[in-house]
Every structure is written in structure tokens, then in C-alpha cells.
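Chemist: turn this into a structure:
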Amino acid sequence: MDLPLLEQDFIMIRPYHRTDSDAVLDLWLEASLQAHDFVPQAFWREQLTAMRDHYLPQAETLVLEENDQVLGFVSLHEQRLAALFVSPHAQGRGLGRQLLDEAKRRRDSLELGVYRANTRAVAFYRAGGFVTVDETRDPHTGQLELTMRWSRE
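Modeler: Numbering: from 1, shown residues only. Here you go, the predicted structure:
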């Protein structure tokens, strides 16, 4: 007796392509506004051009897709975890953990900056094995920023 196939979501992490630019930038802006409500929205909107023209092209970026829809991405630059964002509509499903695990598979150590006021992200990175090694004030936003590191060793 043949059982009917269950429809399942297909999640894939793959390299970023230029054709992903609009989806990644839209996701980045939406998630940035949500996660950083302590920073004026205008700051994030002003960063869109730099993200598109400077940061994404220089980074190794991986996109997380579910059923051909971009739901998250992670960007690595050398040993730096430059960005990790999941669509606000898809958070709480372990997608960020999948992206972080993939980044850790690709590097022996990682460093990142995260705003101290973004307590959810700080807790996420701590749960992922990162430790705080420094605290400074971001000259662009005036917010306190933690430097966190993780090492495989």
C-alpha cells in the first residue's frame, strides 16, 4: 500500500547570488528596524546603498531559503561574522541557529559586533558559544556595542 507523500518545507543554505540582492536587502532592513528599535529608522535606511554596493559584494554571504523564498542570510568577511539576519516572520524556528552553525563550519574562529541593547541577539550568540571580549561605543549610533568571539578550540 502506497502512503501519500507529506508536503514538507524545503530549507536550503546556499551561496548568495546577485539576483538575491533585493530580497536580502528587504529582509535586512525589516529585521534591522525590528531588532534595533533603539536606533533611529533613518540610520538603517541610509545604510541600504552601502549594504548593496559595498558590504554584500565584499563578504562571503550565504542565503537561507525555504521553498524558494529567502528567509535569512549570514555574511562573513575573513574571521568576522559581519551579519546574520532572519526575517521577523520566520524567527523562532531555529533558522538563525542553522545559519550560525554553517558559519562556524566555515571558520575556526569568528568575531562579531552586536549592540548591547539588542539583548535577544546577545543571548543568541552567547548560546552559540560566543563570549564578550570588549565593549565600545559605536560612533555612528552612539550605542554601546559588544565585541564577541567564538573559537573552535
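
Chemist: just the mean pLDDT for the top helix by length along the chain, thanks.
Modeler: Identified as the longest helix of the chain according to DSSP state H is helix 21-35. Helix 21-35 carries an average pLDDT of 95.

Chemist: packing partners of it?
Modeler: helix 41-46, strand 69-77, strand 80-86 (3 or more C-beta pairs under 8 Å, 6 or more residues apart in numbering; DSSP states H and E). (C-beta placed from N, C-alpha, C; glycine too.)

Chemist: ok, residues contacting the longest one?
Modeler: This points to strand 69-77. 16, 20, 23-24, 27-28, 55-56, 58-65, 81-87, 90, 95-96, 99-100, 102-103, 106-107, 110 (C-beta atoms under 8 Å, 6 or more residues apart in numbering).

Chemist: could you do the shortest one as well?
Modeler: By C-beta under 8 Å, 6+ apart, the residues outside helix 41-46 that reach it are 29, 32-33, 36, 140-141.

Chemist: with stretch 111-122 instead?
Modeler: Residues outside stretch 111-122 that contact it (C-beta under 8 Å, 6+ apart): 35-36, 38-39, 79-82, 84, 125, 130, 133, 135, 138, 141, 143-150.
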